[in-house]
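Asker: Model the structure of this input:
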Amino acid sequence: MTDSVLKFATTMPLSRIRQDDNPRRYFNQEKHAELVASIRLRGIIQPLLIRPVPDVEGEYSIVAGGRRYKAAAEALGSDADVPVLIREMTDEEALEAAIDENDNREDASETEQADAAVRVLAACQGDRAEAARRLAWSPAKLDRRLALANLADPVKVALDERRIKVGHAELLAAVPADKQEKALDTILINDLGVAKTRELLMRVTQSLAGAQFDKAECTTCPFNSASQRALFATHVDDGYCTNPGCFQLKTEAEAAAVAKAEGKPEKVAKDTDTPSGSEVAAPAAAPSAAPTAAVTKPAKVAPPAKPAPKATVTTDSIARRVSTQREAAWKAALIKAVEGDPDIAAAFDATLRDVWKVDRFFLACLNKDELKFIAQECGLVDHMGAKAFAKLLDAPLNKIVDGMLNATGFSWAGRLPSAITLNGKYSPPPAAPAFSEKD
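Answerer: The predicted structure follows:
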């Protein structure tokens, strides 16, 4: 941050001061009440650092001192004069000063730092080395905070309020955002410690060692637990996929490619490894209506060095372990039933539209080329314009997904990508019924 010239110290009514976009997210209510009582008794001792609001005469915004501002407004009212230091600062300088002030607090929130890291990195056009320098952080700390920025908002709030520990947050950062809130509820309801949470997540991950598909993309994927090992002290064991939906889609795509290459019908997807990392249980028997195609036997995976305590076998525990096989068997049976019968296929598409649509969980499994394919197929590129969509593709994957899901004036409802339909063809939304004048 460049040096800024201090203009002067003075007092000013709170009504002339506004809160800027401060990186501070969380205010402890107990400490806030204590500060309100102190200000009522003694006033504000440490001045607020403020800067002039550009193009607005006589108004100022807070750079540092947001907590004091909130407490003073409650204790003294908006007309009270408070001590201030006025300094000319650019937006970038103000942001870095606010981050530095917050970073040095004893109760600094990791999520506040994460949000600040995202903003500074954007200001540095993605240059991580420069962002770390401006924040006076090590590159490792910057990477850890950027990873925590992927936490869902309820998880961030829980960490801010210290209802969960940093170790919980580090583990949840490895889980797709749309699954984090449910996992958080499980942690809070059952009062799970960090170790127990890690054990729970191990049960719902897939070992990459026995995966049948090309794992080239997995080496840099944020849902590869090896990435979390490099970032956090608390992580799922090395070599596990924490995005089961993506794992299953890749497995099914590989099975379909192999079947096509061998000239066989695309029927049953290859088995995936079970979450625990131990030997895979025998596949469940297919329903009688299902075709009798053989299921490929998965490779055995070496057990972890410290296996989790043996769980009690129940109907639910077995069902979870064979869910992929069961779903594949029913899918194969359905495909056999609709072969040559377009009416059944159309009925299936109609039912699918009622229960599913393109969402974050689906898009987060795809790379940029695949996202572009889906956008072209479903009409989003035509809606946005090729130039605008090409600009969106320059963003990080999570921002591309956000942009696709929230494109102005575009609805994903009723649009079934070819990768989802039974016949492998794109199914557009049904046409709106025509009404005559009599209607």
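
Asker: got any ranges where the stretch 51-200 of the chain has weak pLDDT?
Answerer: Within the stretch 51-200 of the chain, the stretches with pLDDT under 70 are 99-108.

Asker: In a strand, residue 49, correct?
Answerer: Yes: judged by DSSP: H, G, I helix; E, B strand; the rest coil, residue 49 forms part of a strand.

Asker: List the residues that contact the residue nearest to residue 14 when sequence neighbours are not counted.
Answerer: Nearest residue to residue 14, sequence neighbours excluded (Cβ to Cβ, 6 or more residues apart in numbering): residue 78, at 5.0 Å. For every residue, glycine as well, the C-beta is placed using N, CA and C. Contact partners of residue 78, counting by Cβ atoms under 8 Å, 6 or more residues apart in numbering, are 13, 14, 15.

Asker: got a list of what the second one touches?
Answerer: Under the criterion of Cβ under 8 Å, 6+ apart, the contact partners of residue 14 comprise 69, 72, 73, 76, 77, 78, 79, 80, 82.

Asker: could you flag which of the residues you listed are buried?
Answerer: Buried by 16 or more other Cβ atoms under 10 Å: 69, 72, 73, 76, 80, 82, out of these.

Asker: now the residue nearest to residue 14: how far from residue 248?
Answerer: From residue 78 over to residue 248 the distance is 56 Å, taken as Cβ to Cβ, to the nearest Å.

Asker: for residue 363, same thing?
Answerer: Taken as Cβ to Cβ, the span from residue 363 to residue 248 is 15 Å.

Asker: and which of the buried ones among the contacts of residue 14 is nearest to residue 394?
Answerer: Each of those was scored against residue 394 by Cβ to Cβ, and residue 69 proved nearest at 38.2 Å.

Asker: what about the closest one, which SS state?
Answerer: Look at residue 69: counting by three-state DSSP, its state is helix.

Asker: Would you quantify the distance from it to residue 347?
Answerer: Residue 69 sits 61 Å away from residue 347, going by Cβ to Cβ.

Asker: Over to residue 257?
Answerer: Between residue 257 and residue 347 the computed distance is 28 Å (Cβ to Cβ).

Asker: Residue 144 now?
Answerer: Residue 144 is 50 Å from residue 347, by Cβ to Cβ.

Asker: of the two, who's got more company?
Answerer: It is residue 144, of residue 144 and residue 347, that has more neighbours when counted by other Cβ atoms under 10 Å, with 22 against 12.

Asker: Just the element for the more buried one, please.
Answerer: helix 139-148 (DSSP states H and E).

Asker: What of residue 253?
Answerer: For residue 253, the host element (DSSP H and E) is helix 244-261.

Asker: So which elements touch that helix?
Answerer: If you count contacts as 3 or more Cβ pairs under 8 Å, 6 or more residues apart in numbering; DSSP states H and E, helix 244-261 packs onto helix 323-338.

Asker: mean confidence score for the helix it packs on?
Answerer: Helix 323-338 carries an average pLDDT of 61.

Asker: quick one, what contacts the nearest residue in space to residue 353 that is not next to it in sequence?
Answerer: Excluding the flanking residues, the one nearest residue 353 by Cβ to Cβ, 6+ apart is residue 414, at 5.1 Å. Taking Cβ under 8 Å, 6+ apart, we find residue 414 in contact with 353, 357, 428, 429, 430.

Asker: Could you list the low-confidence segments of the stretch 301-439 of the chain?
Answerer: Within the stretch 301-439 of the chain, the segments meeting pLDDT under 70 span 301-346, 348-349, 432-439.
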